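**Student:** model this:
(2 chains)
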Amino acid sequence: MEGNMSLSLKVWRQSNKETAGGFENYKLDSVSPDMSFLEMFDVLNEQLIEEGKEPVAFDHDCREGICGSCSMYINGRPHGPLRGVTVCQLHMRSFNDGDTIVVEPWRAQAFPVIKDLVVDRDAFDRVVSAGGFISVNTGNAQDANSLPIPKEAADDAFSAAACIGCGACVAACKNASAMLFVSAKISQLALLPQGQAERSIRAEKMVAQMDAEGFGACTNTGACSAECPKEISMENIARMNREYIGAKFSSSAV
Amino acid sequence: MATSSRLDAKVPQGPLETKWSKYRSSVPLVNPANKRNLDIIVVGTGLAGASAAATLAELGYAVKAFCFQDSPRRAHSIAAQGGINAAKNYQNDGDSVYRLFYDTIKGGDYRSREGNVHRLAEVSGSIIDQCVAAGVPFAREYGGLLSNRSFGGTQVQRTFYAAGQTGQQLLLGAYSGLQRQVGMGTVKMYNRHEMLDIVNIDGKCRGIIARNLVTGELERHAAHAVLLCSGGYGNVFYLSTNAMGSNVTAAWKAHKRGAFFGNPCFTQIHPTCIPVSGEHQSKLTLMSESLRNDGRIWVPKAKNDTRPGNEIPEEERDYYLERRYPAFGNLVPRDIASRAAKERCDAGYGVGSSKLAVFLDFAAAVERYGKAEANKNNIHNASDSDIIAWGKAVVKEKYGNLFDMYKQITGEDPYQVPMRIYPAVHYTMGGLWVDYNLMTTVPGLYALGEANFSDHGANRLGASALMQGLADGYFVIPYTIGSYLSNEIRTGKISTEHEAFVKTEQEVRERIEKLLKIQGKTSPEVFHRRLGKIMWDKCGMARNEQGLKEAIIEIRQLREEFWSDVKVMGTATYFNPELDKANRVADFIELGELMCIDALTRNESCGGHFREEYQTEEGEAMRDDENFMFVSAWEHKGPEEWELHKEELIYENIKIAQRSYK
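**Tutor:** Below is the predicted model of the structure:
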């Protein structure tokens, strides 16, 4: 052990989606400010194993802020106190010695708890399956430079495509709305010339699937964007609404 | 030396330039009606797996795809930063398929197969076309055309990129294609599932045993072909740039069921990673090689210089890569840059509190870009502070997310002080041995992407992993799988009630029960750390005979200890990441032993494999082409027992030379 911070942790424990969960309190000493938040959880888990208790289950993988696995609701904020930072990139120097830290899973009807801090985010995959793609089979493509795309459009599409699909937007939203996630994908493809052919049907189908999954409606509060670790802009939601309304006026499908 | 009779690489005859095009036109086909009745299992959904699953489903095969993550979009390809190579020659700087082929063979220190590498270079351009068509937002110039940058080991600009998130954008592109097929019902997706064994019937791979990680249930899945796209095994070192979940289990199970393991000791240590900060460290973070386009690497000329980097004057800095390798400078290949950093630190010139770090400095690039921006804006008397501000804005656009990540992890602002970097384990060139069709030594079992050994020799060039993963999945396997499946159209449905499925499932179950029953004192995590330390100290950036012999003994002891003292909490009937980890660590321990045996057998230095006994006077790797120009393909014979088969490497088109970047 190498650090000198002592922490009190209140961590949500829940066996599965069928059973009720609750908070457990843990004390942790010798935390180093250079540890990441998840490394602090590694230390907690090793301590629990030594005590013969089951470690806390949490999703994590790349620990570089890009895979979108990690998903902790820390002191009432998805991914903790910093702007534009995932839990795995949050370091203990953002906390103080003696702090009490409350850690919960994402809470949303569409994200049932699998265990402790792990939730089921399959709904996002199903929304993408509904239309979050360009229908181009392998081998059909023309030369990449035969289609110039203005840098600004490419940059805007990239900014929307930077979404890591973690679900913090849903967790942050009082309505558990997924509009930031869905709009980021719709925007990326609507901004690019390659996405035009399916532009209308995509907006209709993705929104329909989003509603079917049980995500709430958007009331333009903006918590999603404020808490998004990739700082995906609210403009995407406005664009999605335009895309959707336009599609509904012009289409007979869905 | 002759190639072992057990290995047939099946590289087509004929001139190098036409091998692939001719073969592609003559490989047997399966008609669409028959494709519907052929099942293919894809394990792993990174670039190789996602692109293969989507493309095979588009062709009409019935595909099942598996990943251990909660979504296929989270496979570790997502974390690749810098870019993807392609021989497009959009920059008009003399690039060609041959040059990409040549650079890759040379970069791999002449230990890869000519035919496979040339094919990779040939299809590289189509990958970029496909990705753009699928909506991947690559970086572009103001004219709307694609932008390129340089990577190590090349003198042309052939790397396509999307800021420092190229892997993310490519994977999301492949993932969207995969999800499209999932929505159409042509791919059945199994997330939070881990493959725990393959099932062989009458000498052919006929399916897998997978574990549903949420419920703990074991499942049998049958198929006419199984594709392992399960990535590399860098996590054998515990600390690496791999994701926490990246593991060797799928490949290792296949190895134990008959798939030979190729060149296991060829591991890549990446030169530019954030240094280790303490014992708590769970993983290491890469700072993309693209930073070496603009960053200059240096150490102080004086030993134990403790001044902050930005306070050390220019004349007291040693830009050691530019000094030693003037032709390639900061863009030498990774193995060379890593060893050079280690050499300076070992000699006492390292920086930072651990002294195991060198500086990566952007001050010169900031000034250069700042001046260029001033000129663009037609301002010819700009102040120094304006130039620096403009320069920083350009650097931010190119590398912003990497700078932010550095700041977040170290607490230092790289726009103000030079980054501190040190080499770390990043990629494994070794992997399952495959032939030209990407089939392993088990008929019907394939390996794609990082999971196979085929294209990178003893050292991979930057931005070539993404290229290989997508080449294998989009443009190679869809053709080559026909040569096997065209003979399977009469097989019919394969029953999972076959005794081989029953027996294999039982063996998987027994191993899980055994792990849970030990109830010792030490967690899987602690065993993993201990293995990693042995591997890093004795089979890492530099290796020698004595160290490797010690490592083999230590790893065997560690394995014994693991199987008598591991403590796995919980049970196998619900979501239990501790059990998953224990399963993976057990396989890493066995792999570690084979890696050391392979490193010990290869009495030469080449690429990432640096045996201290075999170096030139200047400290460069010294190959022994007479005795070691072969692929090591290891056959598993039993506990602690392997047999080496050699595939001779024949270079008909490239003149073998001492690799020089001077």
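**Student:** For chain A, what's its nearest residue on chain B.
**Tutor:** Here chain B gets closest to chain A at one residue, B:Gly144, 3.0 Å apart by CB to the nearest CB. Just so you know, the C-beta spots here come from the backbone N, C-alpha and C atoms, and that holds for glycine as well.
**Student:** wait, doesn't that residue sit right on A:Ala144?
**Tutor:** No. B:Gly144 is beyond contact range of A:Ala144, at 11.6 Å (criterion: CB atoms under 8 Å).
**Student:** Which secondary structure element is home to the residue of chain B closest to chain A?
**Tutor:** Under the criterion DSSP states H and E, no helix or strand holds B:Gly144.
**Student:** tell me the strands in chain A, going along the chain?
**Tutor:** A:5-13, A:22-31, A:73-74, A:77-78, A:100-104, A:113-115, A:118-119 (DSSP state E).
**Student:** Quick check: the residue of the stretch 51-200 of chain A nearest chain B.
**Tutor:** Nearest to chain B in the stretch 51-200 of chain A, going by CB to the nearest CB, is A:Pro148, at a distance of 3.0 Å.
**Student:** Can you name the residues of the stretch 451-600 of chain B that neighbour chain A?
**Tutor:** Taking CB under 8 Å from any CB of the partner chain as the contact definition, the stretch 451-600 of chain B meets chain A at B:474-475, B:478, B:523, B:525-526, B:567, B:569-570, B:574-578.
**Student:** switch to 10 Å and redo it
**Tutor:** Proximity of the stretch 451-600 of chain B to chain A (CB under 10 Å from any CB of the partner chain) is limited to residues B:470, B:473-475, B:478, B:519, B:521-526, B:567-571, B:574-578, B:581.
**Student:** Could you list the domains of the chain?
**Tutor:** Let's take chain A. Using automatic domain parsing, the domains assigned to chain A come out as A:5-115, A:121-250.
**Student:** that answer is for a different chain, and I need it for chain B
**Tutor:** If you go by automatic domain parsing, the domain ranges for chain B are B:43-266+B:429-485, B:270-425, B:498-631.
**Student:** okay, these in TSV with mean pLDDT and mean neighbour count next?
**Tutor:** As requested, the domains of chain B are arranged in TSV below (pLDDT from 0 to 100; neighbours: other CB atoms under 10 Å in any protein chain shown):
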stretch	mean pLDDT	mean neighbour count
domain B:43-266+B:429-485	97	25
domain B:270-425	93	19
domain B:498-631	97	19
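**Student:** In TSV, list the ones you listed along with distance to A:Pro81.
**Tutor:** TSV is the format used below for these (distance: least, CB to CB, whole Å):
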stretch	distance to A:Pro81
domain B:43-266+B:429-485	23
domain B:270-425	13
domain B:498-631	26
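**Student:** shaky segments in chain A?
**Tutor:** In the predicted model, chain A carries pLDDT under 70 at residues A:1-2, A:252-254.
**Student:** Tell me what B:Asn85 is bridged to.
**Tutor:** On the basis of DSSP bridges, B:Asn85 is bridged to B:Thr159.
**Student:** Next up, the contacts around the residue nearest the centre of chain B.
**Tutor:** Closest to where the C-alpha atoms of chain B average out (CA atoms, centre = their mean) is B:Tyr427, at 3.8 Å. Neighbouring residues of B:Tyr427 by CB atoms under 10 Å, 6 or more residues apart in numbering or on different chains: B:80, B:231-234, B:240-242, B:266-270, B:286, B:334, B:450, B:456, B:459-460, B:462, B:464-465, B:608.
**Student:** What about those residues, which are in helices?
**Tutor:** Per DSSP state H, helices hold the following members of the contacts of B:Tyr427: B:334, B:465.
**Student:** OK, contacts around A:Ser146?
**Tutor:** B:129, B:132, B:145.
**Student:** Looking at those, which one is closest to A:Lys10?
**Tutor:** Using CB to CB, B:Val132 is the member of the contacts of A:Ser146 that lies nearest A:Lys10, at 48.3 Å.
**Student:** how close does that closest one sit to A:Val119?
**Tutor:** Distance, B:Val132 to A:Val119, using CB to CB, to the nearest Å: 34 Å.
**Student:** and what of B:Trp20?
**Tutor:** B:Trp20 sits 46 Å away from A:Val119, going by CB to CB.
**Student:** What segments of the stretch 101-250 of chain B are strands?
**Tutor:** With DSSP state E, counting those that start in this stretch as the definition, the stretch 101-250 of chain B shows strands at residue ranges B:159-160, B:187-190, B:193-201, B:204-212, B:218-222, B:225-228.
**Student:** what comes into contact with the second one?
**Tutor:** The contact list for strand B:187-190 (CB under 10 Å, 6+ apart) reads A:122, A:125, A:129, B:39-43, B:45, B:50, B:53-54, B:56-58, B:61-68, B:71-72, B:177-182, B:210, B:212, B:219, B:221.
**Student:** Touching, A:Leu82 and B:Gln408? I think so.
**Tutor:** Yes. Counting by CB atoms under 10 Å, B:Gln408 is a contact partner of A:Leu82 at 8.1 Å.
**Student:** list the residues that contact both of the two?
**Tutor:** Between them, A:Leu82 and B:Gln408 share the contacting residues A:89-91, A:94, judged by CB under 10 Å, 6+ apart.
**Student:** Out of the residues you listed, which comes closest to B:Phe160?
**Tutor:** The closest of the shared contacts of A:Leu82 and B:Gln408 to B:Phe160 turns out to be A:Gln89 (CB to CB; 26.2 Å).
**Student:** How about the contacts made by that closest one?
**Tutor:** The contact partners of A:Gln89, taken as CB under 10 Å, 6+ apart, are A:36-38, A:63-66, A:70, A:79-80, A:82, A:229, B:285, B:404-405, B:407-409.
**Student:** now do B:Gln557
**Tutor:** B:Ile534.
**Student:** and if you look at A:Lys205?
**Tutor:** Neighbouring residues of A:Lys205 by CB under 10 Å, 6+ apart: A:127, A:129-132, A:198, A:247, A:253-254, B:183.
**Student:** How about A:Ser200?
**Tutor:** A:190, A:243-244, A:246-251, A:253-254.
**Student:** Would you quantify the distance from B:Ala48 to B:Ile127?
**Tutor:** Computed as CB to CB, the B:Ala48 to B:Ile127 distance reads 12 Å.
**Student:** what residues are shared contacts of the two?
**Tutor:** Common contacts of B:Ala48 and B:Ile127 (CB under 10 Å, 6+ apart): B:466, B:468-471, B:473-474.
**Student:** What is the burial count for A:Tyr216?
**Tutor:** Not Tyr; residue A:216 is Gly. Applying other CB atoms under 10 Å in any protein chain shown, we find 18 residues neighbouring A:Gly216.
**Student:** That one touches A:Ala172, doesn't it?
**Tutor:** No. Using CB under 10 Å, A:Gly216 is not in contact with A:Ala172, being 11.9 Å away.
**Student:** OK, contacts around B:Glu643?
**Tutor:** With contacts defined as CB under 10 Å, 6+ apart, B:Glu643 is in contact with B:4, B:6, B:260, B:633-637.
**Student:** just so I have it, where are all the helices in the stretch 551-662 of chain B?
**Tutor:** For the stretch 551-662 of chain B, the helices defined by DSSP state H, counting those that start in this stretch occupy B:577-601, B:625-628.
**Student:** Turn those helices into TSV, columns for distance to A:Asn137.
**Tutor:** Shown next, in TSV, are the helices of the stretch 551-662 of chain B (distance: least, CB to CB, whole Å):
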stretch	distance to A:Asn137
helix B:577-601	35
helix B:625-628	43
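**Student:** How much space separates B:Glu641 from B:Lys256?
**Tutor:** B:Glu641 sits 12 Å away from B:Lys256, going by CB to CB.
**Student:** Repeat that for A:Lys27.
**Tutor:** 44 Å.
**Student:** what's B:Thr504 in contact with, if anything?
**Tutor:** By CB under 10 Å, 6+ apart, the residues touching B:Thr504 are B:196-201, B:207-209, B:218, B:220, B:253, B:257, B:498.
**Student:** same question but for B:Gly46, I mixed them up
**Tutor:** Residues in contact with B:Gly46, defined by CB under 10 Å, 6+ apart, are B:67, B:69, B:72, B:74-78, B:80, B:167, B:170-171, B:174-175, B:229-231, B:246, B:448-451, B:465-466, B:469-470, B:473.
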